[in-house]
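>>> structure for the following, please:
(chains A and B)
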Amino acid sequence: MLACLCTVLWHLPAVPALNRTGDPGPGPSIQKTYDLTRYLEHQLRSLAGTYLNYLGPPFNEPDFNPPRLGAETLPRATVNLDVWQNLSDKLRLTQNYEAYSHLLCYLRGLNRQAATAELRRSLAHFCTSLQGLLGSIAGVMAALGYPLPQPLPGTEPTWSPDPAHSDFLQKMDDFWLLKELQTWLWRSAKDFNRLKKKMQPPAAAVTLRLEAHGF
Amino acid sequence: MADCIARVMDFTLCLTQRSRMVDSKRMRMTSNFQWPLLTFILLYLMNQVNSQKKGAPHDLKCITNNLQVWDCSWKAPSGAGHGTFYEVCIENGSYSCYPSEKTNIKIPALSPGDHEVVISPLRDFGSSISKFILSEKNVSLIPDTPEILNLSADFPTSTLHLKWSDRGSVLPRHSNVIWEIKILRKKNMEIVKSVTHNTTLNGKDTVHHWSWTSDMPLECATHYVGIRCYVDDTHFSGHKEWSDWSQLKNVSWSPDSQTKVFPQDKVILVGSDVIVCCVTRDNVSSAQIGLTKCPLIHLDGKNVAIKIHNISVSASSGTNVVFTTEDNIYGTVLFAGYPPDIPQKLNCETYDLKEIVCSWNPGRPTALVGPRVTSYTLFESFSGKNVRFKRTEASTNESHQLFFQMLPNQEIYNFTLNAHNPLGQSESMILVNITEKVYPHSPTSVKVKDVNSTAVTLSWRLPGNFAKIKFLCQIEINKTNSIQELRNVTIKGVENSSYLVAVDKLNPYTIYTFRIRCSTETFWKWSKWSNEKQYLTTEAIPSKGPDTWREWSSDGKNLIIYWKPLPVNEANGKILSYNVSCSSDEETQSLSEIPDPQHKAELQLDKNDYIISVVAKNSVGSSPPSKIASMEIPNDDLKIEQAVGMGNGIPLTWNYDPNMTCDYVIKWCNSSRSEPCLMDWKKVPSNSTATVIESDQFRPGVRYHFFLYGCRNQGYQLLRSIIGYIEELAPIVAPNFTVEDTSADSILVKWEDIPVEELRGFLRGYLFYFEKGERDTSKMRSLESGRSDVKVKNITDISQKTLRIADLQGKTSYHLVLRAYTDGGMGPEKSMFVVTKENSVGLIIAILIPVAVAIIVGVVTSILCYRKREWIKETFYPDIPNPENCKALQFQKSVCQGNSTLKTLEMNPCTPNSVEVLETRSIVPKIEDTEIISPVAEHLEDSSDAEPENHVVVSYCPPVIEEEIANPGLDEGGGTSQVIYIDIQSMYQPQAKPEEEQENDAVGGAGYKPQMHLPVTSTVEDLAADDDLEKTAGYRPQANVNTWNLVSPDSPRSTDSNSEIVSFGSPCSINSRQFLIPPKDEDSPKSNGGGWSFTNFFQNKPND
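As a prediction, the model looks like this:
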């Protein structure tokens, strides 16, 4: 009996589940990423106000909603609800990572064109924050053991003004960039909220399941 | 025949008309040839008549397009067949004929003048010959229709470029050509522009260009262009006409499938009008610029345009123009701004002669940014080099700068700054000699090095290649507590940027602050100041010995040497110690070194003459010795003088004394200190006769003692001794004074001196005030000389210490005040109250006189009383009659006894001399005047007192009295019938209830008023009573109560003059203690109201 107990104790450190008790897991980093998306959302609201005023009317009118033309290269945040719900964690994170990588590049291009110094400062500040979000997403992916998506060589997205692109179309693109960025931030908040709930301890998970039944 | 004539006439007219049209000059020529012409017409008519049979060629018409060949045509004669040949013969100097198969012929241009043209139809025998007169005037010049070589459109600029050839080679002469170009728009060919363009032919085919910028973008609608020309040859006398219009050429934009708005990203001048169109296949619902909606102008198809008038300046991202279709929006951005302003304040200078910096102000903002921003190019014309301005951060109105590398061996530069933006360009020029425009950098790395204690070297760096120029540098030298000094130095410029100058004439051991700035010798600008560099110069030996003085100690055995620390500029370093030595003829004695903070030394010397020398030492060396003689030459002729300062110092003057060979010395000390005291001293050159002693230590109101010493043969003699104040103040205390002696009319006051410290000035006198006054009353009042009741004595003799104040009143309190004053003001006052002594003689007199008067009065009274003793007795002490003699009383007794309840006295015919109501009562009334009390009154009172409710009233019996009076024997015999009126109040005093009685009286009305005894004596009285009987029944009050009340309730007086009772009854107040004397004198029946007096007192006497 005593020998049996000793054997169990001897093998106890080898049990992986117990071994992990000190590791907080990806939960906190997901929470941080979620917080960051909310913060960026808030920050973008102020930046978009300034930038749309810079673009002038009708871009800064509240009901201005042009068709999405010429901004096809922008990653789309809108997705079918079923598709979104069925996304795997890895794909969900990969899509986020790729989207922000692209958006960041475009945003930097936007910064280069901005005519006023104040606007450039605001954009640069936002770019830094977005870079932080990207790093945060990368951290979550690393914590979950997912590899980072590698950009294909030569397909680095740029936002340099096309010679055939008129200023007006450029403004439309800028408008859509900001709008898409905002949609992405909303989506990311939902993505990370979902992930967060998923990664919570089992007790919490039960609660979640109960909630799900409620729906 | 008629037809022919008509035709000839026609032709002639036609010719005439044409010639008119061509030139008025030619018209005149024509008129000159009228007669030959008529002859010719006649000939012609003959010819026509001959050829009537088959007709003739007619209507000859010539035109030219190049002035070299005339193309003449005519109409064939009627009936002429197809194969008719013509021979055309022209008389042009020679006669030449040309065959022609057609009805036209090209002939070389004929010389000026009329030429006969004969057209003969050949092989047609029926036809006749036609003769025409032809001249240049009849020829029309119609240029060939021009052809557009090329029409191109520059869509971004909305410009049409037209290219055509003038075909100048076919027109031999240098003629002016007018081209008319028309531009039509849209498919319905609206003419939008028609312009003329002049050229000159040069004999060669020249291609001409013409450009036109459309207000509407060319993409918006198809534009058509046509051209025609008019050759204006001045030498051609014929008719000139416009050519036909060329074939129209058009430009149109071939739209791709995408809808577009034009112009795209156009930069336009603020305030201009602009048309923006939308080339689309959709229906455009609205258009707006910024937030403003614009009306649509419909173009071909579904294209629309808007016209913007007077566009305002754009924001940095441009002005958006948006067209909205059903499902999309299209737009463009317009950039409304200004062309660049002329660069202002263009200035070129160099910091280092290596690089030229040109700076300018861009002037008015263009409102264009980004790729449309103004670009600047700086062009140097001598070298042909230029630099472009690289835009840094959006610099709106700040100064711009461009750097231009200097070229070797070039000093003069001619710069042109060109500003350019999409709306235009402007430029500024400047010609500079760059060696005159050097603005050096501020010197750096300033270093200081010693040369000696009064000189240093300054080195600094000034980067740049200045080998060819000279610098003018300023060195600012700052010394603490001193005015800053600026020294200018000229330095030759060097290549290695290092500069070095020596700075001399500095003070040893002094902290200096240096800073430097430079400019070129041909001044342009000072550089900025370098950083400050602080430096302490090295020490040097002290330049002078210390200022010394000596004092003998109070016991005269020791000599104390004092010296002052050397000022910084003389110490030349930090003084470490002093050496003191004394030398006499025999020996030299040296003391040990005295360290610096100590500035005195005590020497024990005998009375020999010594010379004491003091030397200051610093780290470099010793100062020259300061020498002072120990000897003091006595001066007996000394007196203490006074002096008062002016301003900050005390001026001292003295007479010039040639014997004084060395300096005068003034030493001073606070006079309150004990000797020897020394605060400070001052040396004055021997040739001076005045000085002002100034010291920070001087305080107002403090007495200082000044001693002026003269120096003679190396010995000092005290010349003057002065006490003085820097400023006099008022004394702070009052003199302490006491009263030495007091008499009835004088006071002797004595006071003490005020101590010097509290005097605070030279005492100039005392002010003594005095006035009558008690301590309490005059306490608050200040004594001022202005008041009339205050007497003042000004005591200017300050040695006076007492004062006698005379002429005072005896036994009176006096307020004395004493205060001292200086030139600085009045001191506080000290006051005292003194009562003068009583005047004894007066007192005695005051006592003696009343005593003497009293004695005399007493004696006189006694004599009078003695002499009038009989009268007095009768008056004041008459015999009392015996009541037993009265029968009436006996009668009345029974009556009264029978009716005890009603005690009213019945008016019975009785003649009582007096009435006494006898009732046995134990109470003895208290009567003051017992001497004259009536027993009757006594009883009366008793009865009334015992039974007040029974109204016991003793009344009168006037009728009975009258009868009784008739019995004179009784009256006169005894004399007892007189009633003594006594003080009524004294009678009633035991009751002491006058008010109650008054009330009772008022109620009862007929109540008893026990004021008297029954009047039974005087007939006069009886008469009066008789009179009264008519008015009063029974009781009569002796006085009118109302009158009492009116006068005074406390002191009612029976002096009612209206009442007759006065003469009878009691005329006096019940309060009165006076005797009421009945008015026996009939002459004055009513005078009894005056009260008691001496005269009344004696008046009764004659009646006795």
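
>>> run through the residues of chain A sitting next to chain B.
Where chain A comes near chain B, counting by Cβ under 8 Å from any Cβ of the partner chain, the residues are A:54-59, A:61, A:66-67, A:69, A:113, A:115-117, A:166-168, A:171-172. Quick note: C-beta positions are derived from backbone N, CA and C, even for glycine.

>>> out of the residues you listed, which sit inside helices?
Counted as lying in helices by DSSP state H, out of those, are A:54-55, A:113, A:117, A:167-168, A:171-172.

>>> before we move on, back to that, buried subset of the residues of chain A next to chain B, written for ChimeraX?
Buried subset of the residues of chain A next to chain B, written as a ChimeraX selection, criterion 16 or more other Cβ atoms under 10 Å in any protein chain shown:
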select /A:54,55,56,57,58,59,66,113,115,166,167,168,171,172
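
>>> those strands in chain A, which residues are they?
Using DSSP state E, chain A contains no strands.

>>> circling back to that earlier point, so can I have TSV of the ones in helices among the residues of chain A next to chain B showing distance to residue B:119 and pLDDT?
Conversion of those to TSV gives the following (distance: Cβ to Cβ, whole Å; pLDDT from 0 to 100):
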residue	distance to residue B:119	pLDDT
A:54	86	89
A:55	83	89
A:113	82	70
A:117	90	79
A:167	74	85
A:168	74	87
A:171	79	88
A:172	79	87
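
>>> got the buried residues for the longest helix anywhere in chain B?
The longest helix of chain B (DSSP H) is helix B:840-867. Within helix B:840-867, no residue counts as buried by 16+ other Cβ under 10 Å.

>>> so, low pLDDT: which residues of chain A?
A:1-25, A:69-72, A:151-164, A:201-215 (pLDDT under 70).

>>> now do the strands in the stretch 651-800 of chain B.
According to DSSP state E, counting those that start in this stretch, the stretch 651-800 of chain B carries its strands in the segments B:662-670, B:680-684, B:690-694, B:703-712, B:715-725, B:737-742, B:747-751, B:763-772, B:791-795.

>>> which one of these lies nearest to residue B:529?
Residue B:529 sits nearest to strand B:690-694 of all these, at 38.8 Å, using Cβ to Cβ.

>>> please enumerate the helices of chain A.
Using DSSP H, helices in chain A cover A:2-11, A:16-19, A:27-55, A:81-85, A:89-113, A:117-144, A:167-199, A:202-214.

>>> from the contact counts, what lies against the fifth one?
In other words, helix A:89-113. Contacts defined by 3 or more Cβ pairs under 8 Å, 6 or more residues apart in numbering or on different chains; DSSP states H and E place helix A:89-113 against helix A:117-144, helix A:167-199.

>>> which residues does the residue lying closest to residue A:97 once chain neighbours are set aside contact?
In this structure, residue A:97 finds its nearest non-sequential neighbour in residue A:137, 5.0 Å apart by Cβ to Cβ, 6 or more residues apart in numbering or on different chains. Residues near residue A:137 by Cβ atoms under 8 Å, 6 or more residues apart in numbering or on different chains: A:33, A:93, A:96-97, A:100.

>>> residue B:680 too?
Neighbours of residue B:680 in contact, by Cβ under 8 Å, 6+ apart: B:667-668, B:695, B:697.

>>> closest to residue B:120 out of those residues?
For the contacts of residue B:680, the nearest to residue B:120 is residue B:695 (149.5 Å; Cβ to Cβ).

>>> neighbours of residue 176, how many?
Just so you know, I chose chain A. Residues near residue A:176, counting by other Cβ atoms under 10 Å in any protein chain shown, number 19.

>>> wait, chain B was what I had in mind.
Neighbour number of residue B:176 under other Cβ under 10 Å is 13.

>>> isn't residue B:583 right up against residue B:611?
Yes. In this structure residue B:583 lies within contact range of residue B:611 using Cβ atoms under 8 Å: 5.3 Å.

>>> out of those two, which sits in the busier spot?
The neighbour comparison of residue B:583 against residue B:611 (other Cβ under 10 Å) goes to residue B:611, with 17 against 14.

>>> is it correct that that one is in contact with residue B:582?
Yes. Assessed by Cβ under 8 Å, residue B:611 is found in contact with residue B:582 at 6.8 Å.

>>> which neighbours do those two share?
Common neighbours of residue B:611 and residue B:582 (Cβ under 8 Å, 6+ apart) are residue B:630.

>>> residue 64 - how many residues pack around it?
You didn't say which chain, so I picked chain A. The number of residues near residue A:64, taken as other Cβ under 10 Å, comes to 14.

>>> the chain in question should be chain B.
The burial count for residue B:64: 21, using other Cβ under 10 Å.

>>> again with residue B:683
18.

>>> residue contacts, it?
Residue B:683 neighbours (Cβ under 8 Å, 6+ apart): B:547, B:663-665.

>>> max pairwise distance over those: which two?
B:547 and B:664 (13.4 Å).

>>> who has more neighbours out of the two?
residue B:664 (23 against 20).

>>> residues touching the residue lying closest to the more buried one once chain neighbours are set aside, list them.
Spatially, and ignoring its direct neighbours in sequence, residue B:664 is nearest to residue B:684 (4.4 Å; Cβ to Cβ, 6+ apart). When contacts are counted by Cβ under 8 Å, 6+ apart, residue B:684 touches B:663-666, B:691.

>>> so what's residue B:627 up against?
B:545, B:548, B:611-613.

>>> quick check: bridge partners of it?
residue B:613 (DSSP bridges).

>>> for residue B:448, give me the pLDDT.
The model reports residue B:448 with a pLDDT of 94.

>>> now name the helix or strand holding the residue lying closest to it once chain neighbours are set aside.
Distances taken as Cβ to Cβ, 6+ apart place residue B:535 nearest to residue B:448, at 4.1 Å, with adjacent residues excluded. Following DSSP states H and E, one finds residue B:535 within strand B:533-536.
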